[in-house]
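Engineer: Quick one, structure for this:
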Amino acid sequence: MFQAVFQLVFSHPLKSIFKVLILQILVTSLIACSGGGSGEREEEASHDINALFVKGRVEAGECLLFTTNEDGLKDPESIGGGISRAGEVSFGNVTYTGNVLIECVGGTYLDEATGSVIEAPMMRSVVNISESASFTISPLQKWRPNWQRAKEI
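Structural biologist: Numbering: from 1, shown residues only. Below you'll find the predicted structure:
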């Protein structure tokens, strides 16, 4: 087929500059249309997501990662989870990009003021995943949305 196009272009009585231009357009079109027929599925982007669960470093707390809907409510199924070790939690490679709710419950921490081991309360934080990152989940995070609303007023 390429030979037929080549013969048609160069047998026509056009000036040589136009012949070269037509040939370049045809070759570029063929290259552009030929792309990727390997049949392999394109890999989804994956992000290495970590969190620090603190009210003191929480040991053995369960942290779950939830997507959120348009209203900001968490979806019922988690897309990842992990158990804290010295406050650190790894969700591994997450293929979701966008707003997520990190919800941590259970586990214990050392209250430095009293020296007592205390059960950690539930703590949550809404964060945006766009690349690999580490987030802090602490009692102060629940106030963050109120601070953002106060700035908008």
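
Engineer: And the strand or helix carrying Val89, what's buried?
Structural biologist: Assessed by DSSP states H and E, Val89 sits inside strand 88-94. Within strand 88-94, the residues scored as buried using 16 or more other Cβ atoms under 10 Å are Val89, Ser90, Phe91, Val94. C-betas here are computed from N, CA, C, even on glycine.

Engineer: Kindly export it (C-alpha atoms) in PDB.
Structural biologist: Extracted in PDB, the C-alpha atoms of strand 88-94 (Å, rounded to 0.1, in the frame of the first residue of the first chain):
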ATOM      1  CA  GLU A  88       2.900   4.200  61.700                       C
ATOM      2  CA  VAL A  89       0.500   2.700  59.200                       C
ATOM      3  CA  SER A  90       1.200   1.700  55.600                       C
ATOM      4  CA  PHE A  91      -1.700   1.300  53.200                       C
ATOM      5  CA  GLY A  92       0.700   0.000  50.500                       C
ATOM      6  CA  ASN A  93       0.100   0.900  46.900                       C
ATOM      7  CA  VAL A  94      -3.300   2.600  46.400                       C
END
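
Engineer: helices or strands up against that strand?
Structural biologist: For strand 88-94, the elements it packs on are strand 47-53, strand 62-68, strand 74-83, judged by 3 or more Cβ pairs under 8 Å, 6 or more residues apart in numbering; DSSP states H and E.

Engineer: Strand 74-83 and the second one, what's the angle between them?
Structural biologist: By that I understand strand 62-68. Going by axes from the mean of the first three to the mean of the last three Cα atoms, to 10 degrees, strand 62-68 is angled at 150 degrees with respect to strand 74-83.
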